[in-house]
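Q: compute the structure for the input listed below.
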Amino acid sequence: MKNIRFIFAVLTIGLALISCGKEEKKEEDVEQLKQQIKELQEKVKQAEQKEKKEKLSETKETKEKKSAELTYQEKRDVKISLKGSELFKKYNCDRCHMVSGLKVGPPLKEIAQAYKGKKEELIKFLKGEAPPKLAKEAGQAAHLMNLQLSATKHLSDEELSALADYIISFAQKTK
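A: Reported below is the predicted structural model:
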């Protein structure tokens, strides 16, 4: 749990630097990223509370087994979300895609809605094996996306899965 707290601290500091340093980011995008961090922190907090309750009510052997399984799953989910976020930034996806506002490419919320429940199709697109579900951008924007796909199609299956999970997670924020 200490490692997860450290990751959140680093992510929070990074978010603060991004919100201060990039004039292109809209306040709404920063707020939504902050909300995602709060949600992840709440999950960690709930896991810690659940772990404490289990310590009080179970035998040592049963408690350790269930706690290890629960902790592993929660750590896995947090790692996937953070990994997808890191890849999104590493490959400069945020230069063209905002959470809800329009830049060069479609907003993440629209992409997430288009691929909600269709993670494999999004992965195929990121590999350059399928056309986009959203309307193709014309001219320079399409050319820029093709350049990005040349980078993402070489990602490992695990990385593509994490990136797709991160993108699709924005569908949960849309009603």
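
Q: just name the shakiest helix or strand of the chain by mean pLDDT.
A: Sorting the helices and strands of the chain by mean pLDDT, DSSP states H and E puts helix 2-21 at the bottom, at a mean of 61.

Q: next SSE downstream of that helix?
A: The helix or strand immediately downstream of helix 2-21 is helix 27-57, counting by DSSP states H and E.

Q: got the buried residues for that next one?
A: Buried positions in helix 27-57, judged by neighbour count with 16 or more other Cβ atoms under 10 Å: 29-30, 32-33, 36-37, 40-41, 44, 47, 51. Yep, even glycine has a C-beta here, placed from its N, CA and C like the rest.

Q: now the nearest residue to residue 84 once chain neighbours are set aside, what's its secondary structure?
A: Residue nearest to residue 84 in three dimensions, not counting chain neighbours: residue 166, with 2.6 Å by Cβ to Cβ, 6 or more residues apart in numbering. In terms of secondary structure, residue 166 is helix; the call rests on DSSP: H, G, I helix; E, B strand; the rest coil.

Q: also residue 106?
A: Look at residue 106: counting by three-state DSSP, its state is coil.

Q: so the closest residue to it other than its chain neighbours versus residue 95, what's the distance?
A: Using Cβ to Cβ, 6+ apart and skipping residues adjacent in sequence, the residue nearest residue 106 is residue 134, 5.0 Å away. From residue 134 across to residue 95, the span is 17 Å (Cβ to Cβ, to the nearest Å).

Q: closest to residue 114 out of the buried residues of helix 27-57?
A: The closest of the buried residues of helix 27-57 to residue 114 turns out to be residue 32 (Cβ to Cβ; 18.1 Å).

Q: surely the closest one meets residue 99?
A: Yes. If you go by Cβ atoms under 8 Å, residue 32 and residue 99 touch, sitting 4.7 Å apart.

Q: I'd like the average pLDDT over the strand or helix carrying residue 88.
A: If you go by DSSP H and E, residue 88 is part of helix 60-90. What helix 60-90 shows for mean pLDDT is 68.

Q: any idea which helix or strand comes after it?
A: helix 108-115.

Q: contact partners of that next one?
A: Contacts to helix 108-115, defined as Cβ atoms under 8 Å, 6 or more residues apart in numbering, come from residues 97-100, 121-122, 133-134, 164, 167-174.

Q: buried ones among the residues you listed?
A: Taking 16+ other Cβ under 10 Å as the criterion, what is buried in those is 97-99, 121-122, 164, 167-171.
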